[in-house]
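Asker: What follows is a protein structure lacking sequence information:
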């Protein structure tokens, strides 16, 4: 399919043409910079003030997981506009590379999607068309969210008269009669369906093809062929809640998945006589001053928690309580305040590998 | 001091309005501009001499090949009255070189590890795209304005190819070395093979430069010194001593030891002995460091209590934060000194770790 209008000489259509939500996407060459770009053509944009707002809004999203915008092209006459964007060459997220640890790979992909959508929501925007074909991997394997231009500002007055988006990924509230109140929760639902589809493939889609009120419940992520940790299952199940207010925030999903990526990779160093390291999930470390106090710290793979307390033990001057999480940097003090400088002070510092994608 | 090619309020191709002059390198001037199509601020780069135009266009195409979060994105390129203009992503916060001069003398090991991890990722992405930077140095690295330097972007990928010719010319004749701004700026980070044969150097020279930058970040000093005096030390690869603070500060181990191993592996005289950029990324992925949010403040009181090993920071947000001398990454704690720190819950005050003295 040729480009729908005469392009300025800078851009040459090379193909292919990819179907997009609100308009097709044409892969072209930018002859000035000699690189491929994706030009998304929006045919129904005539009002330039609204368009300018939209363009300003799109670029206000700062995220390493959202494709860059470079330029715009317009037809010689008539309405419509082409958005010149970063071309993301990789496969769609459904075909992300699977390594020896499929659960970790899945969480890593989901975490990046969650980062991108959380960045969009932080800029008070709603994507409105989250689905596997709108999420691709770039040459470095970084997840990029595409097909902006369908987005809407999030806010109290966001209503829509048409349920744009893609069947199967549409949140149930979008089937209501107009005007429909839009909220970021519609992206959370689409994220949940996308997560399910990339975990299980298209076989999952029929159950999502139902329209509300749903006769069959959506299956729990616990029935996934991947063995997911129970906190991840619980959170992902909530993304498919019928009521928008029961769905978690994208930032909550991002934070949990980010913590899960570091499972078993934290390293705590306690200086107590000499340096002791605690970095194996399930292991503990004990500190004891006979006759004064003792405590143990346990690593559960995600957090360091107080395992036991005998006598006077303080964490950053707060009385130690069994089961409580230690701050990532603190001083463990053994001995009552009255003992002054003769108390035992053990600095405790947690670090972890950086999640740099 | 050359004159500015553009003045504020110049509008180019009816799209980019000059806001102000930012800085210049040996080859080009950089301006802050407003992109009226997307209503965003961008960096506009223009070569100082029109004769460099063809090479400038090629260098723009080279940098446009790399799309990575740790490499400044190439947005646009155009010709106007026989000069080329390159539009790049702009981040508020300036270059790492400016920040080291004006704000940080050096970085604590955690902040340095964060910065270095991102740099390695950016260089690895460019090497995979077949792009050799040739001129990695703090003035070619952009960092965000926040105290945690969250965003890190390498720039001037293509420009360095232009610099190569100037460097090669300069080394033919000793007098023109000191006259070349490009060479003098690049020299402290230049690999031995680059000094000996600028045209013969390849990707491992970028790894050497990363090692030299990491050394500077954690010690506050250039590993081989400045100017022509650095040349014999670089050529012989006489390795610098381990930073004194690495040895003195227990609480920063074992991170300091791992960072030191990275510096040593990058500053190998034989290019083949250095890790590849991907290898460096793997080493960084194993580094354990803290990414807790950073804050700014000043030392409010120190050493007044009993034997004086601790004190308080007046955070710029109005809170008081406790700190211990052992968490301080510097030589002497002085009341009133500005600090950069992370903080953790405590009673009656939160507790800071690490505490980095800044300017």
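Answerer: Structure received. The shown structure was predicted, so the numbers you read here are calculated from the model rather than taken from an experiment.
Asker: Can you give me the neighbour number for residue A:19?
Answerer: By the criterion of other CB atoms under 10 Å in any protein chain shown, residue A:19 has 8 neighbours. All C-beta spots, glycine's among them, are computed from the backbone N, C-alpha and C.
Asker: what's the closest non-adjacent residue to it?
Answerer: For residue A:19, ignoring the flanking residues on the chain, the nearest one in space by CB to CB, 6 or more residues apart in numbering or on different chains is residue A:25 at 7.7 Å.
Asker: in the host helix or strand of residue B:63, what's buried?
Answerer: Per DSSP states H and E, residue B:63 falls inside helix B:53-64. Using 16 or more other CB atoms under 10 Å in any protein chain shown as the test for burial, helix B:53-64 gives B:55-57, B:59-64.
Asker: Quick one: name whatever helix or strand follows that helix.
Answerer: strand B:74-80.
Asker: between that following strand and helix B:53-64, how many degrees?
Answerer: Angle, strand B:74-80 to helix B:53-64, by axes from the mean of the first three to the mean of the last three CA atoms, to 10 degrees: 160 degrees.
Asker: Tell me who's in contact with the residue nearest the centre of chain B.
Answerer: For chain B, the residue sitting closest to the mean C-alpha position, by CA atoms, centre = their mean, is residue B:138 at 3.2 Å. Contact analysis of residue B:138 by CB atoms under 8 Å, 6 or more residues apart in numbering or on different chains lists B:95-97, B:100, B:213, B:216.
Asker: and if you look at residue A:121?
Answerer: A:154, A:184, A:187, A:249-251.
Asker: is it true that it lies in a helix?
Answerer: Yes - counting by DSSP: H, G, I helix; E, B strand; the rest coil, residue A:121 is found in a helix.
Asker: For chain A, what is the nearest residue in chain B?
Answerer: residue B:346 (3.1 Å; CB to the nearest CB).
Asker: what's near enough to touch that residue?
Answerer: A:316-318, A:327, A:330, B:322.
Asker: Out of those, which is nearest to residue A:244?
Answerer: When these are compared for distance to residue A:244 (CB to CB), residue A:327 wins out at 34.6 Å.
Asker: Could you report the pLDDT at that closest one?
Answerer: Note on residue A:327: pLDDT of 95.
Asker: Show me which residues of the stretch 251-357 of chain A are close to chain B?
Answerer: Within the stretch 251-357 of chain A, the positions lying close to chain B (CB under 8 Å from any CB of the partner chain) are A:265-267, A:269, A:271, A:275, A:277, A:316-318, A:327-331, A:341, A:347, A:349-354, A:356-357.
Asker: out of these, which are buried?
Answerer: By 16+ other CB under 10 Å, these give A:265-267, A:269, A:271, A:316, A:327-331, A:347, A:349-354, A:356-357 as buried.
Asker: Mind checking which of those residues are in helices?
Answerer: Within those, no residue falls in helices by DSSP state H.
Asker: tell me the SS of the nearest residue to residue A:286 once chain neighbours are set aside?
Answerer: Once flanking residues are discounted, residue A:286 sits nearest to residue A:296: 4.5 Å by CB to CB, 6+ apart. Three-state assignment for residue A:296 (three-state DSSP): strand.
Asker: Relative to chain B, how far out is residue A:296?
Answerer: Using CB to the nearest CB, to the nearest Å, one obtains 20 Å as the distance from residue A:296 to chain B.
Asker: now, the most widely separated pair of the contacts of residue B:138?
Answerer: B:95 and B:216 (13.5 Å).
Asker: quick one on the thing from earlier: backbone phi and psi for the residue nearest to residue A:19, please?
Answerer: Torsion angles at residue A:25 (phi, psi; degrees, to the nearest 10) stand at phi -110, psi 130.
Asker: Hmm, it is touching residue A:39, no?
Answerer: Yes - contact criterion CB atoms under 8 Å: residue A:25 and residue A:39 qualify, at 7.0 Å.
Asker: mind listing what the closest residue to chain B within the stretch 251-357 of chain A touches?
Answerer: Nearest residue of the stretch 251-357 of chain A to chain B: residue A:316, at 3.1 Å (CB to the nearest CB). Applying CB under 8 Å, 6+ apart to residue A:316 gives the contacts A:327, A:330-331, B:344-347, B:350-351.
Asker: mind checking pLDDT for it?
Answerer: Residue A:316 is given a pLDDT of 94.
Asker: quick one: it from residue B:324, how far?
Answerer: Using CB to CB, to the nearest Å, one obtains 11 Å as the distance from residue A:316 to residue B:324.
Asker: that older thread, need the contacts of residue B:138 in JSON lines (columns: distance to residue A:83).
Answerer: Converted to JSON lines, the contacts of residue B:138 look like this (distance: CB to CB, whole Å):
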{"residue": "B:95", "distance to residue A:83": "31"}
{"residue": "B:96", "distance to residue A:83": "33"}
{"residue": "B:97", "distance to residue A:83": "35"}
{"residue": "B:100", "distance to residue A:83": "38"}
{"residue": "B:213", "distance to residue A:83": "37"}
{"residue": "B:216", "distance to residue A:83": "41"}
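Asker: same for chain A: which of those residues are within range?
Answerer: Contacts with chain A are made by none of the contacts of residue B:138, judged by CB under 8 Å from any CB.
Asker: ok, of those residues, which one's closest to residue B:185?
Answerer: residue B:97 (8.8 Å).
Asker: Look at the closest one and give its secondary structure.
Answerer: helix.
Asker: Same question for residue A:287.
Answerer: strand.
Asker: Next: residue B:211.
Answerer: helix.
Asker: That one touches residue B:265, doesn't it?
Answerer: Yes - between residue B:211 and residue B:265 there is a contact at 7.4 Å, judged by CB under 8 Å.
Asker: What about residue B:130, how many residues nearby?
Answerer: Residue B:130 has 10 nearby residues by other CB under 10 Å.
Asker: any idea how far it is from residue B:27?
Answerer: Distance from residue B:130 to residue B:27, by CB to CB: 22 Å.
Asker: before we move on, the earlier item: intersection of neighbour lists for residue B:211 and residue B:265?
Answerer: Counting by CB under 8 Å, 6+ apart, the residues touching both residue B:211 and residue B:265 are residue B:274.
Asker: Neighbour count: these two, which is higher?
Answerer: residue B:211 (25 against 16).
Asker: Excluding chain neighbours, give the residue nearest to that one in space.
Answerer: Residue B:211's closest residue in space is residue B:266 (CB to CB, 6+ apart), at 2.5 Å.
Asker: what's the spacing between the one you found and residue B:223?
Answerer: From residue B:266 to residue B:223 the distance is 10 Å (CB to CB).
Asker: do the same with residue B:189
Answerer: 9 Å.
Asker: Look at those two and report which has more neighbours.
Answerer: Neighbours per residue, other CB under 10 Å: of residue B:189 and residue B:223, the larger number sits with residue B:189, 27 against 24.
Asker: Measure how buried residue 253 is and give me the count.
Answerer: Went with chain A since none was named. Neighbour number of residue A:253 under other CB under 10 Å is 27.
Asker: should've been chain B
Answerer: 16.
Asker: what does residue B:343 give?
Answerer: 24.
Asker: residues touching the residue in the stretch 51-200 of chain A that chain B sits nearest to, list them.
Answerer: For the stretch 51-200 of chain A and chain B, the shortest gap (CB to the nearest CB) falls at residue A:64, measuring 3.6 Å. Residue A:64 sits next to A:115-116, A:142, A:357, B:69 when contact means CB under 8 Å, 6+ apart.
Asker: one more time with 10 Å
Answerer: A:112, A:115-116, A:119, A:138, A:142-144, A:356-357, B:68-70, B:151 (CB atoms under 10 Å, 6 or more residues apart in numbering or on different chains).
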